[in-house]
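Peer 1: build the 3D model from these lines:
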Amino acid sequence: MLEPVQRVPRYQLLLRDYLKKLPGDSEDKTDACKALDLISAAAQHSNDFMKSMDKFQKLLKINEMIDGEDIIDPTREFLKEGKITKIAARSGDQQERYLFLFNDVLFCTQNRKLITGGTSSYKVKARLDIDGMKIFDGENSKYDHTFRLESKQKTLELQGSSDDEKESWMRVRSLEHSSNKGRHT
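Peer 2: The predicted structure follows:
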C-alpha cells in the first residue's frame, strides 16, 4: 500500500499518462488538465514541505551538537559545515576549528568531545553575522590556502586544506552575496 505522501506523485503520473492517451477532442480533456494542475501543485507543495522538514531536522541535529547556543530560527537555513584551520591573530599558530555556516550567521567552533552515539560536541569560539561580512584571499606568507573573513564582530584568518577547499568556502552563496563588493582575489 502506498503512503499518502507517495500517492500524490503517483496520481500526477497517472493523470499525465491519461492525458497523453486521451483523444484531443475528448470532453474530459479540460477537466483532466485542471486536475493535473491541481495535483501538480499539491505534489510541489508536498515536496517543498518535505525539504523544509529535512532542513529543520538538520538544524535540530546541529543544535544538539553546539554547546550553549540555540540556533533554531524559522528563517535560518543550513548551508555548509566542515573542518578548517584558524590562524591565531596574535601568535600565528594554527588552531583546528569546525565551521557551521547558515544563511545569516557563521559559527566558528572548537571540537570539545564525543557525546553519546559518537557525535561530537562543539564550543562556539566566534559567532559572525553574515550581513556585511567581507571575504578576502589570504595574504599569509607562512601558510598556503588562506582566506580572511571580516565581520562586524571580528576578523578571522582561515586556512583550507587545499585550494579547492578554500575556494569552496569562498564561493558559498551567502558569503559571496554578502561580500560581493569587498571580495578581492
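Peer 1: next up, phi/psi of the residue of the chain most remote from its centre, please.
Peer 2: What lies farthest from the middle of the chain is residue 25; by Cα atoms, centre = their mean that is 48.3 Å. Backbone torsions of residue 25, given as degrees, to the nearest 10, read phi -100, psi 10.
Peer 1: against residue 19, how distant is it?
Peer 2: 13 Å (Cβ to Cβ, to the nearest Å). All C-beta spots, glycine's among them, are computed from the backbone N, C-alpha and C.
Peer 1: run through who's touching stretch 8-18.
Peer 2: Around stretch 8-18, the neighbours that count as contacts under Cβ atoms under 8 Å, 6 or more residues apart in numbering are 2, 32, 35, 36, 39, 40, 42, 43, 46.
Peer 1: and what of stretch 137-148?
Peer 2: 85, 87, 92, 94, 135-136, 155-163, 165-166, 169-170, 184-185.
Peer 1: now these: which count as buried?
Peer 2: 85, 87, 135, 136, 156, 157, 158, 159, 160, 166, 169, 170 (16 or more other Cβ atoms under 10 Å).
Peer 1: so which of the residues you listed is the closest to residue 57?
Peer 2: residue 169 (24.0 Å; Cβ to Cβ).
Peer 1: how near is the spatially closest residue to residue 68 that is not a sequence neighbour to residue 145?
Peer 2: Distances taken as Cβ to Cβ, 6 or more residues apart in numbering place residue 124 nearest to residue 68, at 6.6 Å, with adjacent residues excluded. Distance of residue 124 to residue 145, given as Cβ to Cβ: 24 Å.
Peer 1: tell me which of those two has more neighbours.
Peer 2: A count of neighbours by other Cβ atoms under 10 Å puts residue 145 above the other of residue 124 and residue 145, at 19 against 15.
Peer 1: so residue 65 is in contact with residue 123, correct?
Peer 2: No: look at residue 65 against residue 123 with Cβ atoms under 8 Å: they stay out of range, at 10.5 Å.
Peer 1: ok, the two, which is more surrounded?
Peer 2: residue 65 (19 against 14).
Peer 1: so how far is residue 111 from the more buried one?
Peer 2: 10 Å.
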